[in-house]
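My questions concern the predicted model and sequence given below.
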Amino acid sequence: AGGPSVTQAPTLAEAWRFSSSDGDFTGTPVVAGGTVVVGSYGGTVFGLSARTGALRWSRDLYPGENGERTPTINGSTAIADGRVYVPVADVDTPRVVALSLADGTVLWDRVIDTQRDSDVFGSPVVWNGSVYIGVSALFGELNDPDVRVRGAVVALDAVTGARRWKRFTVPRGLDGGAVWTTPAIDPATARLYVGTGNAYHAPAADTTDAILALDAGSGSILDHFQATPNDVWNGTTNVLTGPDHDFGASANLLTAPDGRKLVGEGQKSGTYWAVDRATMEPVWEAFTGPGGIVGGILGSTAYDGQRIYGPDTLGGEIWALDRAGSFAWISSDGDPVHFGPVSTANGVVYSTGMNGLLTAREASTGIALARLPLGAPSWGGVSIDRGTVFAVTGTQGDSGFVVAYRPAL
């Protein structure tokens, strides 16, 4: 509720801009205690003043001597209890690094997987003293014909970084089931929900292209819903064998009109699925746009208690569904291929695009309230805090910006 209102959004103007020379930004700015934290593609974490954009501290996690496999930060950090948890996409040895929010000091650094080609693409979540994050294989899926990574979810002690549990998403001997998504946790039931990707080689486990429900305390897989069976795909040898219909967007915890508790998640098939949280049976589905390798729903969706908002990747449109799965609206002013997530606060929906714009829309109608030039293309997320809107630019390049906007009214 603290974000700019519908009447204030048309007056949004740039308040400050911070430039990075160590890679651009493809995650979402995270704000806590007056500090904005962002991780760059070059491997540096920046702590900025939310009010002025002044640099408070920076921590370069990667010297970059590994050539083309140089580790990067491609997701968002998580902040809890004065600590910043950074996902590190170090191929073969993905890590989570904990920093001090006050000054960026490294508190601990833990490798979460040692499979060849493993990495991370989603972002961590902190709950009940644990840090939860998924394991994926972007580098291997696109470059290694013999990629054999098994997707996983890992829980670390938030204070020490010690591993509490690790759960692979597919049985030993199979591969795939990458967890591209950020976990969603229902604190009432201590259930953790993640989406998974396709298999790389046949046969495909029934937990690929699926939404999994895990016990957050033990990591046990309690149940799952598979949307697309037998999807076998990788970018080198199995390009034509499967549709590549991963769950790449992160899950939302929803409430249906009849009060039923649902978990919803968008798929690269172009379908948004709403599944009963307890039984993992589908309740409704909505087709939002054409699917494919880069199609369907790739950017993460947002939920405000009334509607779910998301992107159509190929067409670039933004859409809204009601809690029963019917379309509330769909934009007609799509940008080029839309990879980024959407965000919402106080009746306004925000998205960035490859057209280099930050767009603010009225949540109830989809009408564009403002289109602000970012200065470069973006597929990063938008955060809203205390009347300020924070956006980033970046598509995995050498330099980018963090930009803050505030209303004039």
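Noted; the coordinates are in hand.

Can you verify my assumption that T35 contacts T52?
No. Counting by CB atoms under 8 Å, T35 sits too far from T52 to count as a contact (11.4 Å). From N, CA and C alone the C-beta is placed, and that goes for glycine too.

Just want to know which of the two has more residues nearby.
Between T35 and T52, T35 has the larger neighbour count (other CB atoms under 10 Å), namely 19 against 12.

For the more buried one, which residues are in contact?
For T35, the contact set (CB atoms under 8 Å, 6 or more residues apart in numbering) comprises G47, L48, S49, A50, R56, L101.

same question, G129
With CB under 8 Å, 6+ apart, G129 has these contacts: D157, A158, V159.

cool, N143 as well?
N143 is in contact with D117, G235, T236, counting by CB under 8 Å, 6+ apart.

Same check on V111?
D90, T93, P94, R95 are the contacts of V111 under CB under 8 Å, 6+ apart.

tell me the pLDDT at the first one?
With respect to pLDDT, D90 has a value of 92.

Tell me if I am right that it is in a helix.
No. D90 is assigned coil when assessed by DSSP: H, G, I helix; E, B strand; the rest coil, not a helix.

surely it meets D117?
No. D90 is beyond contact range of D117, at 11.7 Å (criterion: CB under 8 Å).

about what we covered before: name the member of the contacts of N143 with the most neighbours.
D117 (22 neighbours).

element containing that one?
D117 is part of no helix or strand when elements are defined by DSSP states H and E.

Check the gap between it and V403 for me.
Distance, D117 to V403, using CB to CB, to the nearest Å: 34 Å.

How many neighbouring residues does D231 have?
So D231, with other CB under 10 Å, has 23 neighbours.

What separation is there between the closest residue to S19 other than its chain neighbours and A363?
Among residues not flanking S19 along the chain, F401 sits closest, at 5.5 Å (CB to CB, 6 or more residues apart in numbering). Separation of F401 from A363 (CB to CB): 26 Å.

Could you tell me the model confidence score at the residue nearest to R17 when sequence neighbours are not counted?
Closest residue to R17 in three dimensions, ignoring its sequence neighbours and counting by CB to CB, 6+ apart: V403, at 5.0 Å. pLDDT recorded at V403 is 98.

List just the nearest of the contacts of N143 to D258.
Checking the contacts of N143 against D258 with CB to CB, the nearest one is G235 at 42.2 Å.

The closest one against L138, yeah?
No. G235 is beyond contact range of L138, at 9.6 Å (criterion: CB under 8 Å).

who has more neighbours, F401 and A363?
When neighbours are counted by other CB under 10 Å, F401 and A363 differ, and A363 comes out ahead with 23 against 19.

Show the low-confidence segments of the stretch 151-300 of the chain, by residue range.
The stretch 151-300 of the chain contains no residues with pLDDT under 70.

Strands of that one, residue ranges please.
152-157, 163-168, 184-186, 191-195, 210-215, 221-226, 252-255, 261-266, 271-276, 282-287 (DSSP state E, counting those that start in this stretch).

Likewise for the stretch 301-409 of the chain?
Under DSSP E, counting those that start in this stretch, the stretch 301-409 of the chain gives strands at 302-303, 307-311, 318-322, 327-330, 342-345, 348-352, 357-362, 368-373, 383-385, 388-392, 400-407.

of all those strands, which gets the most neighbours per residue?
Ranked by average neighbour count under the criterion mean count of other CB atoms under 10 Å, these are headed by strand 348-352 at a mean of 28.

OK, contacts around G39?
F25, G27, V45, F46, I73, G75, S76, T77, V86, P87.

what about it, distance to V88?
From G39 to V88 the distance is 9 Å (CB to CB).

Which residues are in contact with each of these two?
I73.

hmm, back to that, which one (most neighbours) among the contacts of G39?
That'd be F25 among the contacts of G39, by other CB under 10 Å, with 31 neighbours.

Show me what the nearest residue to that one once chain neighbours are set aside is bridged to.
Computed as CB to CB, 6+ apart, the closest residue to F25 that is not its neighbour in sequence is V392, at 3.7 Å. On the basis of DSSP bridges, V392 is bridged to V402.

Looks like V392 contacts A404 (just checking).
No. Contact criterion CB under 8 Å: V392 and A404 do not qualify, at 10.5 Å.

ok, the residue nearest to G242 when sequence neighbours are not counted - contacts?
Spatially, and ignoring its direct neighbours in sequence, G242 is nearest to W233 (3.7 Å; CB to CB, 6+ apart). The neighbours of W233, taking CB under 8 Å, 6+ apart as the test, are N198, A199, Y200, V239, T241, G242, P243, D244.

go again using 7 Å as the cut-off
Neighbour list for W233: N198, T241, G242, D244 [criterion: CB atoms under 7 Å, 6 or more residues apart in numbering].

quick revisit: wait, isn't the residue nearest to S19 in contact with W16?
No. F401 is not in contact with W16 according to CB atoms under 7 Å; the separation is 10.1 Å.

What about T365, how many residues nearby?
Neighbours around T365, by other CB under 10 Å: 12.
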